[in-house]
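*Asks:* Sequence plus the predicted model coming up.
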Amino acid sequence: MINHQRVAFHLKRVLDSGKKVFVVPGNHDVANGKSVRYQEDQTFTVPSVSKEEFEKIYEDYGYGTAIKRKI
């Protein structure tokens, strides 16, 4: 989830500059049971963002006004 929050931070800067933003989830962005992080040569399982969390994080970036959602 932290990566989605980081993306949203940068999208806010884009939105604040007057540009429109439209977020569309990819096939690995939500409820990904294989989410991992890497540290040196090790792999660690991490929680994936839920549908509800994704919707909340990106609500102000076009996702809240979407006329149709696939997730």
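*Replies:* Structure's in. What do you need?

*Asks:* need the strands for the chain, in chain order.
*Replies:* Remark: strands assigned in the chain by DSSP state E are 36-39, 42-45.

*Asks:* in the lengthiest helix in the chain, what counts as buried?
*Replies:* Criterion DSSP state H: the longest helix present in the chain is helix 2-16. Residues of helix 2-16 classed as buried: 4, 8, 11 (neighbour count, 16 or more other CB atoms under 10 Å). For the C-beta atoms, the positions are set from N, CA and C on the backbone; glycine is no exception.

*Asks:* what about stretch 12-22, average pLDDT?
*Replies:* Averaging pLDDT along stretch 12-22 yields 95.

*Asks:* Next one: the residue of the chain positioned farthest from its centre, what pLDDT does it get?
*Replies:* In the chain, the residue that sits farthest from the middle, by CA atoms, centre = their mean, is residue 41; the gap is 25.7 Å. If you check residue 41, the pLDDT there is 96.

*Asks:* What of residue 51?
*Replies:* With respect to pLDDT, residue 51 scores 92.

*Asks:* Likewise for residue 38?
*Replies:* Looking at residue 38, its pLDDT is 93.

*Asks:* Nearest spatial neighbour of it, chain-adjacent residues omitted?
*Replies:* residue 44 (7.7 Å; CB to CB, 6 or more residues apart in numbering).
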